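J.: what shape does this take:
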Amino acid sequence: MAAERRDRAERAEPPRARLDQPQETRRRLVRRPTYDPEAFGSFAERFARFMGTAKFLLYMTAFVIVWVTINLVGLYGLKWDPYPFILLNLFFSTQASYAAPLILLAQNRQEDRDRVVVEQDRRANARAHADMEFLAREMASLRMAVGEVATRDYLRSELRSLLQELDERAKQVGDEFRGDEDHADRR
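T.: Residues are numbered from 1 along each chain as shown. The predicted structure follows:
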């Protein structure tokens, strides 16, 4: 009975692919079209940038006025899109269905660039902050070192006291020397 169940299960389920062996590559009869994502992205940005200009609005307005005028008046017997202008609406729908993803692609690319710029700014700010902290520590150590270094006024006062000491000693030596001369004269 168990053998029968096992046989039925094996027949019902296709053999599973083994995970420890690479799969066979399938050859495709039709090659997928390839495209350069960077070139397509820059095209989307140019397209989105153009659609946001007054020039585009003027061109679109002129196109609609000419379309409606020709189809209402019937210039040269042309009336291919009567009053509800269904074909014109179809053109607008098609244009909107292509414009929306292109605009979103351009926005995503701009968002990616902005994210990179923000990250670079954050790193630059972190470096500037570290530099400022380093300079603040250096300034503090210089202030401490300057506090320990003799200042010009301190040196002047020390030199004055030394000069006074030297003058007093010179006076003493001079007095002693004069006293010895007086003593030598008396003999």
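J.: in this structure, which spans are helices?
T.: Using DSSP state H, the helices assigned to the chain run over residues 2-12, 37-51, 54-73, 86-148, 152-186.
J.: just name the shakiest helix or strand of this protein by mean pLDDT.
T.: Lowest on mean pLDDT, DSSP states H and E among the helices and strands of the chain sits helix 2-12, with a mean of 61.
J.: roughly how far does the residue nearest to the spatial centre of the chain sit from V30?
T.: The C-alpha lying nearest the average C-alpha coordinate of the chain belongs to V117 (CA atoms, centre = their mean; 1.6 Å). Between V117 and V30 the computed distance is 41 Å (CB to CB, to the nearest Å). For the C-beta atoms, the positions are set from N, CA and C on the backbone; glycine is no exception.
J.: and L135, by the same measure?
T.: Distance check for L135 against V30: by CB to CB, it reads 65 Å.
J.: burial count for V73?
T.: For V73, the neighbour count with other CB atoms under 10 Å is 10.
J.: burial measure for A106, as a count.
T.: Quick note: A106 (other CB under 10 Å) scores 21 neighbours.
J.: again with A44
T.: 20.
J.: the domain parsing of the chain - what is it?
T.: The record assigns the chain these domain ranges, following automatic domain parsing: 36-121, 151-187.
J.: return the most buried member of the ones you listed.
T.: Most buried of these, by mean neighbour count (mean count of other CB atoms under 10 Å): domain 36-121, with a mean of 12.
J.: so what touches stretch 162-175?
T.: With CB atoms under 8 Å, 6 or more residues apart in numbering as the contact definition, stretch 162-175 has no outside contacts at all.
J.: give me the mean pLDDT for that stretch.
T.: pLDDT averaged over stretch 162-175 equals 88, rounded to a whole number.
J.: for stretch 36-54, same thing?
T.: Model confidence over stretch 36-54, given as mean pLDDT, is 86.
J.: next one: that stretch to chain centre, how far?
T.: 22 Å (CA atoms, centre = their mean, to the nearest Å).
J.: okay, A136 and D20: tell me how far apart.
T.: Note on A136: its distance to D20, by CB to CB, is 60 Å.
J.: which one's more surrounded, these two?
T.: Neighbour count, other CB under 10 Å: between A136 and D20, A136 has more, with 10 against 4.
J.: so where's the chain uncertain?
T.: Counting by pLDDT under 70, the chain shows low-confidence ranges at 1-17, 28, 75-76, 179-187.
J.: apply 90 and report the result again.
T.: Applying pLDDT under 90 to the predicted model, the residue ranges of the chain that meet it are 1-53, 56-57, 64-92, 94-106, 108-109, 140-159, 169-187.
J.: returning to that earlier point: now tabulate the domains of the chain in TSV and tack on distance to A130.
T.: Formatted as TSV, the domains of the chain follow (distance: least, CB to CB, whole Å):
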stretch	distance to A130
domain 36-121	15
domain 151-187	33
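J.: of all the ones you listed, which one comes closest to A145?
T.: Nearest to A145 among the domains of the chain is domain 151-187 (12.3 Å), distances taken as CB to CB.
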